[in-house]
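> The following comprises the amino acid sequence and a computationally predicted model.
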Amino acid sequence: MSDLLVLGGLGVDVRVRVPALPLPLADSLPVDPVDLRIGNTGAGVTLAAHALGLRVTVVDVVGDDPPGDVVRAALSRRDVTAVLRTDSRGTRRSVNLVDPAGRRMSLYDSRPWQGSPPFRPDELAALVAEAAHVHLSIMDWTLDLLPTLRAALPDGVGISTDLHDWDGRNPYHRPFADLADLVFVSGVRLCPAAAETAAALAPRTVVVTHGADGAVLYRPGRPPVRVPAATPPDPVVDSNGAGDAFAAGFVAGRLRGGTPEVAARYAAQVAAACTHDGMEYPSGLLPRP
């Protein structure tokens, strides 16, 4: 039995500390040592939720390559249950440029999936049946399995997804939003129409995140609730993964019986863990409810 089943979103991040964003125009720039570590959204949710004490299972495809070894090793170090298939095109990767204030710009290599889904419908259904909550990354290999996912979901088990920097119009994101009960989405491309977009997604609970400006919780038939960002306990080191930590914190808060408002405030505290470098959180860093 898993408290949280995370579908998709594993990869590696090539983290580069840069003097400023946007980068100054130059042929070359000296930087700190370049790190290769586990990354991408599914890893962020998985590792944050695990650090919060949830039993997590993550399901995805990774390559039989050195980046895939990085992913497998990180999950093994944290004793996270992983159900993986091999992707012949290699492991997803991104380059994260991080400035001295911890702000980042991510260059994402999506490696589009080709062919039939890597998991049989019955395999996915068996995993879903053993979960208390399902978090769906917007990976293309899951698209053909979405009807199976909804049909296999036991009564009372919620499903969430993160639409990231969706603009409210891109049709790719709609099947994930339509399936979910709980939707996270960045306000970067939604403003000033965030409220209208959230209303259009009703009857789902929608959380629009605004980074250092906090978040807004939208629930059907209720006024929006502003959730202030928590003050980080130390200087911000790397904001990469803060949104994933927020999602993990919200889910953990709800699984432990908190209302959406309480879960959102707790999630803001978890997201303030951007004082840590990387997604492998040391014991005791993330606040427990």
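Happy to help now that I have it. Numbering: from 1, shown residues only.
> Quick check: residue 136 touching residue 181?
No: at 10.7 Å, residue 136 does not count as touching residue 181 under the criterion of Cβ atoms under 8 Å. The C-beta positions use only the backbone N, C-alpha and C, and glycine is treated the same way.
> Which one of these two is surrounded by more residues?
Remark: of residue 136 and residue 181, residue 136 carries more neighbours, 23 against 15, as counted by other Cβ atoms under 10 Å.
> What's the per-residue pLDDT of that one here?
pLDDT recorded at residue 136 is 97.
> Roughly how far does it sit from residue 58?
Residue 136 sits 12 Å away from residue 58, going by Cβ to Cβ, to the nearest Å.
> Endpoint to endpoint, stretch 181-198 covers what distance?
Start and end residues of stretch 181-198 are separated by 12 Å (Cα to Cα, to the nearest Å).
> and what of stretch 238-247?
End residues of stretch 238-247 are separated by 17 Å (Cα to Cα).
> next one: stretch 133-146
15 Å.
> what is in contact with residue 136 and residue 181 at once?
Listed contacts common to residue 136 and residue 181 are 159, 160; contacts here mean Cβ atoms under 8 Å, 6 or more residues apart in numbering.
> Run a quick neighbour tally on the residue lying closest to residue 12 once chain neighbours are set aside.
Spatially, and ignoring its direct neighbours in sequence, residue 12 is nearest to residue 67 (4.2 Å; Cβ to Cβ, 6 or more residues apart in numbering). Neighbours of residue 67 under the rule other Cβ under 10 Å: 22.
> mean confidence for stretch 153-166?
93.
> for stretch 52-59, same thing?
97.
> Repeat that for stretch 23-40.
What stretch 23-40 shows for mean pLDDT is 90.
> The stretch 151-289 of the chain: helices as residue ranges?
Ranges of helices in the stretch 151-289 of the chain, per DSSP state H, counting those that start in this stretch, are 174-179, 194-200, 242-255, 260-271.
> Looking at the ones you listed, spot the one closest to residue 36.
Between residue 36 and those, the tightest spacing by Cβ to Cβ is seen for helix 242-255, at 18.5 Å.
> List the buried residues in stretch 223-243.
Across stretch 223-243, burial judged by 16 or more other Cβ atoms under 10 Å covers 227, 229, 230, 232, 236, 237, 238, 239, 240, 241, 242, 243.
> cool, and stretch 107-114?
108, 111, 113.
> Check what contacts it and list those residues.
Against stretch 107-114 from outside (Cβ under 8 Å, 6+ apart): 61, 87, 89-90, 92-97, 139-141.
> Where strands are concerned, which of those count?
61, 93, 94, 95, 96, 97 (DSSP state E).
> from those, which is closest to residue 272?
residue 96 (18.9 Å).
> If I look at that closest one, what pLDDT would I see?
The model reports residue 96 with a pLDDT of 88.
> please renumber so the chain begins at 257
Yes, from this point I'll number from 257; that puts the last item at residue 352.
> what residues are up against it?
Going by Cβ under 8 Å, 6+ apart, the list of residues near residue 352 reads 269, 270, 271, 272, 295, 360, 361, 362, 363, 494, 496.
> which among the residues you listed end up buried?
269, 270, 271, 272, 295, 360, 494, 496.
> returning to what we had before: in strands, which of the buried residues of stretch 479-499 fall?
Under the assignment DSSP E, these contribute residue 483 to strands.
> quick one: which of the buried residues of stretch 479-499 is nearest to residue 406?
Using Cβ to Cβ, the buried residues of stretch 479-499 come closest to residue 406 at residue 499, 24.4 Å.
> The closest one against residue 419, yeah?
No: if you go by Cβ under 8 Å, residue 499 and residue 419 don't touch, sitting 10.7 Å apart.
> So for these two, which residues contact both of them?
The contact sets of residue 499 and residue 419 overlap at 440, 442 (Cβ under 8 Å, 6+ apart).
> just how off-centre is the worst-scoring helix or strand of the chain on mean pLDDT within its chain?
The helix or strand of the chain with the poorest confidence is helix 450-456; it has a mean of 75 (mean pLDDT, DSSP states H and E). Chain-centre distance of helix 450-456: 21 Å, with Cα atoms, centre = their mean, to the nearest Å.
> Which elements pack onto it?
strand 461-465, strand 471-474 (3 or more Cβ pairs under 8 Å, 6 or more residues apart in numbering; DSSP states H and E).
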